[in-house]
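Asks: the sequence and its predicted three-dimensional model are supplied below.
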Amino acid sequence: MSKIKPYKNSDLGKKEQVTKMFDTISGDYDGLNRVISFGIDIKWRKKVVKIVKESTPDTILDIATGTGDLAINLAETNATKIVGLDISSGMLEVGKEKIEKKSLESKIEMVLGDSENMPFEDNSFDAITVAFGVRNFETLENGLKEIFRVLKPNGTFVILETSIPSKTPYKQGYKFYTKHILPLIGKLFSKDRSAYKYLCESASVFPYGEDLNNILRKIGFINVEDFPQTFGVATIYKSSK
């Protein structure tokens, strides 16, 4: 399990450090994401929306919603209520502005909260999503247990997360890009130079593929499947309760 923290010389725990990091980079986050992924992250999120839409959910929770990209996209599912949860108030403020511009305030609610101790009752949501957020949980299994708790029986759970390509030459290209190019982009364009170094390092040690599938099964999720994206640089995981 990843023990990497954003700030190696900080006395703060991982949760507090992640909160501080995302508050700092919130204004740059959307633009940098587009640059870093060459815009492909938009395509990945659309696939998540398609999977969620198949289950025709009425209520959706988007955990680690950040600036609300996925929550806004999920409005296409015709769900009557979408809740975006995040621990960073800075990210949520950016998200709220985006939601207002799209006149989606009546459908999407942004909530400040901890994914490992959520302010929701058991069996509250028909579908739950997490895009590029599970590796930032302080304790992965605790976060997944909370998700299992608030997901309704037969509900759909979808994760979108970075992974590491297993085939040549994509594996070598991915390692070079994440080790040398991605930190440079973060250094040039972000207020917090260590943030994107942390994001690269945490992705490199986070469980993916069958390893993450097995953790989901251990928590109690069923019908677990994974769908590698773009040569394996990201993976979509689908499961249910």
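Replies: Cool, got the structure. The model shown is predicted, which means the values in this text are computed figures rather than measured ones. Numbers count the residues shown, from 1 in each chain.

Asks: going forward, measure contacts and count neighbours with C-alpha atoms only.
Replies: Will do.

Asks: so Arg217 sits against Glu225, correct?
Replies: No. Between Arg217 and Glu225 there is no contact under C-alpha atoms under 8 Å: 10.4 Å.

Asks: Gly155: neighbour count?
Replies: Neighbourhood size, Gly155 [other C-alpha atoms under 10 Å]: 21.

Asks: what helix or strand is it located in?
Replies: Using DSSP states H and E, Gly155 maps to strand 151-162.

Asks: now for that strand, which elements pack on it?
Replies: With contacts taken as 3 or more C-alpha pairs under 8 Å, 6 or more residues apart in numbering; DSSP states H and E, strand 151-162 sits against helix 40-53, strand 125-131, strand 234-240.

Asks: ok, now with 10 Å
Replies: Applying 3 or more C-alpha pairs under 10 Å, 6 or more residues apart in numbering; DSSP states H and E, we find strand 151-162 packed against helix 40-53, strand 59-63, strand 125-131, helix 140-150, helix 193-205, strand 222-229, strand 234-240.

Asks: contacts for the helix or strand just after the shortest one, please.
Replies: The C-terminal neighbour of strand 59-63 among helices and strands, as given by DSSP H and E, is helix 69-73. Outside of helix 69-73, the residues that reach it under the criterion C-alpha atoms under 10 Å, 6 or more residues apart in numbering are 30, 42, 44-46, 48-50, 60-65, 82-85, 95, 98-99, 102, 104, 107-110, 129-131.

Asks: quick one: strands adjacent to whichever helix or strand comes after helix 69-73?
Replies: Sequence-wise, the next helix or strand downstream of helix 69-73 (DSSP H and E) is strand 81-86. Partner strands and pairing direction for strand 81-86 (DSSP bridges) are strand 59-63 (parallel), strand 108-112 (parallel).
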